[in-house]
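Asks: Here is a sequence together with a model predicted from it:
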Amino acid sequence: MTTADLWPRIERLLSRVERPSRYIDREWGAFHTSDAGYRAVLVYPDTYEIGQANQAIAILYSVLNTIPDVSAERAYLPWLDMSALMREEGIPLFSLESCLPVRDFDLVGITLPYELSFSNVLETLDLAGIALRAVDRSESDPLVIGGGPSAFNAEPIAAFFDAILIGEGEEALAEIVAVHRAAKAEGCSRSETLVRLAQVPGVYVPTLYIEDRTDGGFAGIEPIDGAPVVVVKRVVADFDALSPPTCGVVPYMDVVHDRFGIEVLRGCTRGCRFCQAGMVYRPVRERSADSIVRAVMAGLACTGYDEISLTSLSTTDHSQLEEILRRLSRRLAGSGVSVSLPSLRVDAFGVEMARLVSAGGKKSGLTFAPEAGTQRMRDVVNKNVTEEDLLGSVQRAFEAGWRRVKLYFMIGLPTETDADVVGIGEMVSRVLAVAKAATPPNARGSVRVAVSVSTFIPKAHTPFQWEAQIPLEEVRRRQALLRETVPRKGVELHWHDSDVSFLEGVMARGGRELADVIQTAWKAGARFDAWSECFRLQTWLDALAENGVDPAAVANRQRSVDEPLPWDHLSAGVNRAYLVAERERALSAGVTPDCSFSGCTGCDVCGDLGVDICLAGVSRG
Ligand code: SF4
């Protein structure tokens, strides 16, 4: 379908909005293949500067644009000022590359990065002029596909998607496009197409699954029309064989993570029991040092960036990290290019790697995530780190010249007592003391310990998926207790907003009953909930009440391990028995080793999905 380029109408609005460069195209590295026979648009449901850095979109954008006669463009949700003007002027949501209406594409892919993006998904669809609910879409509407981390419990948002991809998209999205193209060529109806798509491994078609509420409560979800009983996630077996995008889009404006990012490994098997990403992206698969160094050099040459980020769930666990950093430092010597590592392993190796990347440069700050303040609590969550490890790492870092360390903790973890909360404050005091002792007396005034404390949210597909999230009042009490125990001088204490965590907890474990809630809240003005200036818990509480949903029964209720869960028909490949066993081990503060190095601990992902752990620097017999 050809439609009018919206650019002349959009351009007229740009002098009236904040940050107009959010809406202009022609960035370096963008693809312009709008004459392709099949056209997809990939939408990040937040502003350009947040979404531009998203690596999943960058990867899928590159994958789709290399398929013959297929093109992919990008779209982002306009900020409130721009969307108000667009509605006034009757301008629909548009793609960046060709400024065409999103609704005119064959496929609209919307990523689901976190639960707080759900209201923005509805805003995206409405601004695009696409019917909100999949069941209300006509034959001429595009196929609306979701995917991303929050797809692993898709139920709250499922009604708004024709299909949702569970797991990794590189191979699956190409298959979805092939099935859709063939169905279009054969003149299949929308419903026939969806039945076909449900046969693509990893694709969940919500309209082909019926909720069983025969006994009044939720009793499970059953497939119809031959859809699989359980949709098992897609996973890329040979991660190293995938070429990472090296000539990505270079934005005109400041965006988050404005640097050349390369994903060095996928998955994490450390086994932290609260961590959804660690459970759903198993097993660990590494890119080899050769592939990484080659891609970094090609990426820097193409994009002109002067900073590289080696990204993953746990970069300092890469088995060839030292080799990678040494080779990069040789190749980049004198170029002014810096390398950044995310949160570090809490041990000597982590600090040694940080020294390697900062050699001769600025020592901005190190980040460690001990997660809990007492050893008992760290054993409960399976964070295999001791206080000695942390204090030793801090000492080495401050002796080496660092003056700032950031520590991540959680409160509200299962079995947590006041002693565990106080234990965080005591640990911070000891870290501060060690940091000062390791710093020359004349520099001690500049020592800073930043402490970031979030509230535990029990997430689907983790050993803690059955646990209760602590209620808001209890979060506030524990925060007050912690505030009393953390030293004031030299420590900066930051909280994650407890109201936000509460809503996140509701969305993380709710079911289809939340679709009406999301729609009601969006109609009442909920958008950009991840932005503190936009988030209003009351809007959501009103929407929950209006639809008869008790949020405490979703977020704060302990579930029995036999209870059917809204995500039981979506599998991350980890078997339920493993999650139950891990939960039991947690309750008795037992630990489980990292299977990447100590042998299989029985989660079954590898056997179920036909994938192996792949460590580039270790041969596994
Ligand atoms: S199946 Fe075994 S080796 Fe594979 S990820 Fe699970 S625990 Fe690790």
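Replies: Here it is on my side, so go on. Numbering: from 1, shown residues only.
Asks: Show the residue spans covered by the helices in the stretch 201-350 of the chain.
Replies: Remark: helices assigned in the stretch 201-350 of the chain by DSSP state H, counting those that start in this stretch are 276-280, 289-303, 321-331, 348-358.
Asks: Contacts for the last one, please.
Replies: Outside of helix 348-358, the residues within contact range by Cβ atoms under 8 Å, 6 or more residues apart in numbering are 316, 321-322, 325-326, 329, 338-341, 344-345, 364, 366, 368, 392-393, 396-397, 400, 402. Glycine gets a C-beta too; all of them are placed from N, C-alpha and C.
Asks: Would you confirm that residue 144 belongs to a strand?
Replies: Yes. Judged by DSSP: H, G, I helix; E, B strand; the rest coil, residue 144 forms part of a strand.
Asks: Now do the contacts for it.
Replies: Here residue 144 is in contact with 108, 110, 125, 130, 134, 137, 160-163 (Cβ under 8 Å, 6+ apart).
Asks: go with 10 Å
Replies: By Cβ atoms under 10 Å, 6 or more residues apart in numbering, the residues touching residue 144 are 43, 102-103, 107-110, 121, 124-125, 128, 130-132, 134, 137, 160-164.
Asks: quick revisit: tell me which of the helices of the stretch 201-350 of the chain sits most buried.
Replies: By mean neighbour count, with neighbours taken as mean count of other Cβ atoms under 10 Å, helix 276-280 ranks first of the helices of the stretch 201-350 of the chain at a mean of 23.
Asks: Determine if any part of that one is in contact with the ligand.
Replies: No. Using Cβ under 6 Å from any ligand atom, we find that helix 276-280 stays clear of the ligand, coming within 9.8 Å at best.
Asks: From the contact counts, what lies against that helix?
Replies: Applying 3 or more Cβ pairs under 10 Å, 6 or more residues apart in numbering; DSSP states H and E, one finds that helix 276-280 contacts helix 576-587.
Asks: So which residues make contact with the helix it packs on?
Replies: 271, 273-274, 279, 379-382, 413-415, 461-467, 561-562, 565, 568, 572, 574-575, 590-592, 601-605.
Asks: again, only this time at 7 Å
Replies: Contact partners of helix 576-587, identified using Cβ atoms under 7 Å, 6 or more residues apart in numbering, comprise 273, 380, 382, 414-415, 463-466, 561, 592, 602-604.
Asks: which of these are buried?
Replies: 273, 380, 382, 414, 463-466, 592, 603 (16 or more other Cβ atoms under 10 Å).
Asks: of the residues you listed, closest to the ligand?
Replies: residue 603 (3.3 Å; Cβ to the nearest ligand atom).
Asks: Among the contacts of residue 144, which lie within strands?
Replies: Among the contacts of residue 144, the members falling in strands (DSSP state E) are 43, 107-110, 163-164.
Asks: Please tell me which one of those residues counts the most neighbours.
Replies: Using other Cβ atoms under 10 Å as the neighbour test, the ones in strands among the contacts of residue 144 are led by residue 109, with 31 neighbours.
Asks: what's the burial count for the nearest residue in space to residue 482 that is not next to it in sequence?
Replies: Distance criterion Cβ to Cβ, 6 or more residues apart in numbering; nearest residue to residue 482, sequence neighbours excluded, is residue 421 at 5.3 Å. Using other Cβ under 10 Å, residue 421 has 26 other residues around it.
Asks: Residue 421 contacts residue 479, correct?
Replies: No. In terms of Cβ atoms under 7 Å, residue 421 does not count as a neighbour of residue 479; the distance is 8.8 Å.
Asks: and the lowest-mean-pLDDT helix or strand in the chain, how far out from the chain's middle?
Replies: Using mean pLDDT, DSSP states H and E, the weakest-scoring helix or strand in the chain turns out to be helix 348-358, at a mean of 80. Relative to its chain's centre, helix 348-358 lies at 26 Å (Cα atoms, centre = their mean, to the nearest Å).
Asks: Would you mind getting the angle between that helix and helix 321-331?
Replies: Counting by axes from the mean of the first three to the mean of the last three Cα atoms, to 10 degrees, helix 348-358 points 10 degrees away from the direction of helix 321-331.
Asks: Among the buried ones among the contacts of helix 576-587, name the ones that also lie close to the ligand.
Replies: residue 603.
Asks: from the stretch 51-200 of the chain, which residue is nearest to the ligand?
Replies: residue 167 (14.4 Å).
Asks: OK, contacts around residue 110?
Replies: 43, 45, 121, 124, 144, 146.
Asks: Apply 8 Å and report the result again.
Replies: 43, 45, 121, 124, 144-146, 161.
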